[in-house]
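Q: Need a 3D model of the following:
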Amino acid sequence: MARDTAGPPAGPSPGEHPDTAAPHAAEPLEPSPEPGKPRKLLYVTLPGCWGALIFACLSFTPSLLPRGGVVQGVICGITAAIGYGLGVLAASIWRAFADRDRRRPRRGAWLAFLISAAVLFVAAFGLGQYWQYEIRKLMGVTDYNIPLIVASPFIAAAVLCLFLLIGRGLRGLYRWAANLLNRWIGRRAARGVGWVLVVGLTYLVVSGLLLQGFVSLMNKAYSVRDTMTAEGVHQPTTGLRSGGPGSLIPWNSLGWQGRNFIGKGPSVSDIANFTGHPAMEPIRIYAGLASASGAAAQASLAVKDLQRTGGFQRKDLVVVTTTGSGWVDPALVDSLEYLSGGDSATVAIQYSYLPSWISYLVDQSKALAAGRALFDAVYGVWAKMPPGHRPRLFVAGESLGSFGGEAAFTGENDLANRTSGALFVGPPNFNTLFRQFSDNRDAGSPEVQPVYQDGRIVRFTNDATTGIPPEGQPWDGTRVLYLMHPSDPIVWWSPHLIWSQPDWISEPPGKDVLKTMFWMPVITFWQVTADLPFATGVPAGHGHKYTSEYVDGWNAVMRPAGMTAQDLTDLRKIIAKVG
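A: The predicted structure is shown next:
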């Protein structure tokens, strides 16, 4: 194991000369740089510093979303830490091939580095601020905290030091384990086993103790919130909603998000005022985690409540897979209820207490199970109805909800055979059908807005108000539409970003992505990863924030009669207030 120390070598280690050293020598495998002195925690090496500098400068290049000073500082610090590690690794590999020991850098080498660092970092910082200004202008972001921007380099330095300390701590643990093992086994074996033990222990601590402990803590916290009701939300007085009079599902079992979904939405008069015609009261059905035990039981209960309300006699029936803690995007449901004149029924179930960003990491299987169970339960009743008396059956989901919504289907023909249409919004990159359609798109169509099978059934758009490609091609029968913003990191994040350039970066960018964004191994992956927590912290129409887009999305999928361009414009304004 090579030491990334700035000091001169303390002489050849006995481990480097196995022919002359006892296999079980008691002296340490890697002595301190100066015997009798403790090893410093904050020493740095010149190769590591060069790696940190290069990566820190590259961290200012643009990604998908604008960054504030704190976020930029954290990104810069972590990226610099990655660069430092790679610099140390590259130096050790070079020494191994050159068959030479470590040497103390000359004073001139450090001086050259410091001058270069000052010039390069200032230039990168300035360019970074220009790029951030351009991104904010594209998205209409007006927030700009100058003091935090000025503080970002200091935040980056603190984050870098923190990660160096963590790395040094792990390395110290490795040395202790290797020296201990060297009492019983050979030096090379002690080093190998020592690294395995430290890596394994780190993985167990991070994935087990830290991650699972965090998830458990969040689960408990959000399960408590699930028993509460948001201010302004009241139990319905109509029997057309779960939790209301005659409902099979108790109001107090719906959960926080379920009560939000049931207790809100446009009234009959709201819908009538928009359409200019008499409207019906929409049906909303929801089963929470406390309503029944398990996704199958929840779905069965929800379908029974749907039958009770006459949901299968409405014109449009929509199966929605929720996100995370059971959230149903109000803009999604409100839009379709306005467009249907209230002649609709919507059904959903909860599968987790956790918010979407945590469920995204740990509850993917629950989303799949919930989406499949609910659609199968609804379809089981719907399929037995006389064809002329069935409602139009639609499927919808946003973000992780689109992942669950796809679960009941094997492909485009299955969607066409069993539904009247689907609207999937902001689909995560790992969605099975989304990837299948996008990866097999027609030649010449871009990844940010692909064309699949000439748009026969499935289509994609990042702005339904300007048309849905391919223009001029028939789109008869079932319509499946994917809505995604070019700047949505949920849609474009993938582990493949680490080592391979995706098409969406190499092709002309979408309307709200800078043309100067380019792909870099490791760095681009980390930048897009850092965008994920802030995906909804941008104005509507960008990132992962979808609101009035649902109006044109549902209008394309449902094809309601009599809707004019002015009607759609008016409805977008109504839905924008909801979001």
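Q: which residue packs closest to the most centrally placed residue in the chain, ignoring adjacent ones?
A: When CA atoms, centre = their mean is applied to the chain, the residue found nearest the centroid is Ile490 (4.1 Å). Excluding its sequence neighbours, the residue lying closest to Ile490 (CB to CB, 6 or more residues apart in numbering) is His544, at 4.9 Å. For glycine as for every other residue, the C-beta is placed from the backbone atoms N, C-alpha and C.
Q: Secondary structure element holding that neighbour?
A: Under the assignment given by DSSP states H and E, His544 is not contained in any helix or strand.
Q: got the contact list for it?
A: 399, 426, 485, 488-491, 535-536 (CB atoms under 8 Å, 6 or more residues apart in numbering).
Q: so how many other residues sit close to Tyr546?
A: 24 (other CB atoms under 10 Å).
Q: which helices and strands sit right next to the worst-scoring helix or strand of the chain on mean pLDDT?
A: The helix or strand of the chain with the poorest confidence is helix 356-362; it has a mean of 73 (mean pLDDT, DSSP states H and E). Where contact means 3 or more CB pairs under 8 Å, 6 or more residues apart in numbering; DSSP states H and E, helix 356-362 is packed against helix 213-225, helix 400-405.
Q: isn't Leu46 right up against Ala112?
A: No. Using CB atoms under 8 Å, Leu46 is not in contact with Ala112, being 9.7 Å away.
Q: which of those two has more neighbours?
A: Applying other CB under 10 Å to Leu46 and Ala112 shows that Leu46 carries more neighbours, namely 19 against 13.
Q: Apart from its neighbours in sequence, what residue is nearest that one?
A: Counting by CB to CB, 6+ apart, Pro105 is the residue found nearest to Leu46 once chain neighbours are left out, at 4.5 Å.
Q: what separates that neighbour from Leu114, distance-wise?
A: Applying CB to CB, to the nearest Å, the value for Pro105 to Leu114 is 12 Å.
Q: Then Ser420?
A: Distance of Ser420 to Leu114, given as CB to CB: 67 Å.
Q: These two: which has the busier surroundings?
A: Shown here are Ser420 and Leu114; by other CB under 10 Å, Ser420 has more neighbours (21 against 12).
Q: Apart from its chain neighbours, what residue comes closest to that one?
A: Closest to Ser420 by CB to CB, 6+ apart is Arg392, at 4.0 Å.
Q: what do you get for Asp143?
A: Asp143 sits nearest to Gly68 (CB to CB, 6+ apart), 7.3 Å away.
Q: Please report how far the one you found lies from Trp184.
A: For Gly68, the distance to Trp184 - CB to CB - is 53 Å.
Q: out of these two, which sits in the busier spot?
A: A count of neighbours by other CB under 10 Å puts Gly68 above the other of Gly68 and Trp184, at 17 against 9.
Q: In contact with the more buried one, which residues?
A: 143, 145, 148-149.
Q: For it, give its distance to Trp382.
A: Taken as CB to CB, the span from Gly68 to Trp382 is 48 Å.
Q: what about the helices in the stretch 301-450 of the chain?
A: For the stretch 301-450 of the chain, the helices defined by DSSP state H, counting those that start in this stretch cover 330-339, 356-362, 364-382, 400-405, 412-418, 432-439.
Q: Hey, what's the angle from the last one to helix 364-382? Just curious.
A: Between helix 432-439 and helix 364-382, the angle formed by their directions is 100 degrees, by axes from the mean of the first three to the mean of the last three CA atoms, to 10 degrees.
Q: Count the neighbours of Pro428 for me.
A: By the criterion of other CB under 10 Å, Pro428 has 21 neighbours.
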